[in-house]
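**Q** What follows is a predicted structure for the sequence shown.
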Amino acid sequence: MKIKQDLSLVSKAWNRYMQEYLYEFVWISKASQAKSLALTLLTQFIQAKPSSGHYIRRLHMETPVLMRCATDDIRTILDYAPHLVIYSDHHSVRCTRYSEFIDMRCSPEQMVSVLANSNSKLRRLSLTNYSDDPFPKHVSPLLRRTAANLEYLELSSSSIPLVSGHLFASKSPIVSLPVLQSLKLTLDNTTFAVLAAWDMPKLRNVSVVSSDFGYAGPGFAYFFAAHGKKLHQLELGHSSSLVVEHYLSLRPRPIQQIPLAEWCPNLKEFICSADAEWNWQNPDWIAPHVLLPGHKSLEFIGIRDIDKRLMDDASAFPADVEDDAPFFPLAEQISSLLFNDAFPSLRYIRDLSRASHSMRGGQRPETRILKFWAKILARCGERQVWLEDFRGVNVTVRDLKRVGLGAGCLV
């Protein structure tokens, strides 16, 4: 970006030429940036100058909670950016719940509908619902007008609707997304029930973080019963331990297990958190996730947040940096993935954490970290399963020995 800015300052001619490249990808990380961009676009319109908004292809908003963007600024940017291909809002718009103070141009319906212009070529869309109304009430009309090119869709909600999922689903329009391949959901049980009826023939990848722990609800069951057979990759964002704690708090407790493996028989890749719960009913077995204790066709398991798990476990024994005993539960959890009866087709286990890679391969790694990974690598070798880092590169014994020699420790 610095090179683009420098080139734009060479001359007026160069500045005009560089406008397309300066505005092609806009990343907003605080409210003042959105206000500055909106002011620039308005000024160009008032002065009858060519709008830089026509060059915007990607608009990404990811701000701290206390620095969210004003709705009128985002609406202005959208009005002057008709050629968006990628739009991402990650809880970054400041919305009030009191309709009497809202400019009608900035209502949830209008903010969504402005994306669905006649020339829309949206391929990736990430939306957040700031209203108390169920998400499909706003987003369904938009998706029906932008469905032709949409390949990636991410939906998240800041509140849980009180409407019955089955009742609302029966009244909601059915949306057809013919080329959609990836779907990320941070939603509630009600919206899951609505999405179950949508037509998504090319859907292959689904990532789920249920905002109301609605895994046991009918909406979750409807969705995976309808679309599970098409899925090749599934990510469950809630850690297994949180789901178990939620189940234990329910009265009465759910008796029937969720048959996720039956709903998704063609699943090849599964992504989960490192924070799995030890099953006291079967102490020799720790499933990667309470909802997927086994799968016959799964070939790849990715694990997130291993770095956090290692640091949390290590904090219990901060003095002895050579003893890998604190990592015993995590080692057993990863080793459980190698049980042939649970995952007979498993070929790859990937550590998806960049920080964990640094802890393992940095300049001065702890001896117990290297011992832990050497133990995991040996067990993977016995099962003929590849262990990979976050880049998809194989972790080898030679790598660990080289790092260990550099740090003055033997593995």
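**A** Received it, and whenever you're ready, just let me know what you need. Just so it is clear, the structure is predicted and the values come from calculations on it, not from any experiment. Residues are numbered from 1 along each chain as shown.
**Q** hey, what's Glu386 bridged with?
**A** Careful, residue 386 is Trp and not Glu. Tyr348 (DSSP bridges).
**Q** so how many other residues sit close to Phe45?
**A** Residues lying near Phe45 (other C-beta atoms under 10 Å) number 14. Just so you know, the C-beta spots here come from the backbone N, C-alpha and C atoms, and that holds for glycine as well.
**Q** Pro365 touches Leu400, doesn't it?
**A** No. Using C-beta atoms under 8 Å, Pro365 is not in contact with Leu400; the gap is 9.0 Å.
**Q** And the strands in this protein, which stretches?
**A** 25-28, 58-61, 69-70, 86-89, 93-94, 124-129, 152-157, 182-186, 205-208, 233-236, 269-273, 300-304, 348-351, 386-388 (DSSP state E).
**Q** Now render the ones you listed as JSON lines, adding mean pLDDT.
**A** Shown next, in JSON lines, are the strands of the chain (pLDDT from 0 to 100):
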{"stretch": "strand 25-28", "mean pLDDT": "94"}
{"stretch": "strand 58-61", "mean pLDDT": "94"}
{"stretch": "strand 69-70", "mean pLDDT": "89"}
{"stretch": "strand 86-89", "mean pLDDT": "92"}
{"stretch": "strand 93-94", "mean pLDDT": "84"}
{"stretch": "strand 124-129", "mean pLDDT": "86"}
{"stretch": "strand 152-157", "mean pLDDT": "85"}
{"stretch": "strand 182-186", "mean pLDDT": "88"}
{"stretch": "strand 205-208", "mean pLDDT": "91"}
{"stretch": "strand 233-236", "mean pLDDT": "91"}
{"stretch": "strand 269-273", "mean pLDDT": "90"}
{"stretch": "strand 300-304", "mean pLDDT": "93"}
{"stretch": "strand 348-351", "mean pLDDT": "95"}
{"stretch": "strand 386-388", "mean pLDDT": "95"}
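**Q** Now tabulate the ones you listed in JSON lines and tack on distance to Gly219.
**A** JSON lines is the format used below for those (distance: least, C-beta to C-beta, whole Å):
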{"stretch": "strand 25-28", "distance to Gly219": "33"}
{"stretch": "strand 58-61", "distance to Gly219": "28"}
{"stretch": "strand 69-70", "distance to Gly219": "31"}
{"stretch": "strand 86-89", "distance to Gly219": "23"}
{"stretch": "strand 93-94", "distance to Gly219": "26"}
{"stretch": "strand 124-129", "distance to Gly219": "15"}
{"stretch": "strand 152-157", "distance to Gly219": "13"}
{"stretch": "strand 182-186", "distance to Gly219": "11"}
{"stretch": "strand 205-208", "distance to Gly219": "11"}
{"stretch": "strand 233-236", "distance to Gly219": "15"}
{"stretch": "strand 269-273", "distance to Gly219": "21"}
{"stretch": "strand 300-304", "distance to Gly219": "25"}
{"stretch": "strand 348-351", "distance to Gly219": "30"}
{"stretch": "strand 386-388", "distance to Gly219": "34"}
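**Q** pLDDT-wise, which helix or strand of the chain ranks last?
**A** Lowest on mean pLDDT, DSSP states H and E among the helices and strands of the chain sits helix 240-249, with a mean of 46.
**Q** was I right about Gly302 contacting Leu346?
**A** No. Counting by C-beta under 8 Å, Gly302 does not reach Leu346; the two are 11.9 Å apart.
**Q** ok, these two, which is more surrounded?
**A** Applying other C-beta under 10 Å to Gly302 and Leu346 shows that Leu346 carries more neighbours, namely 23 against 20.
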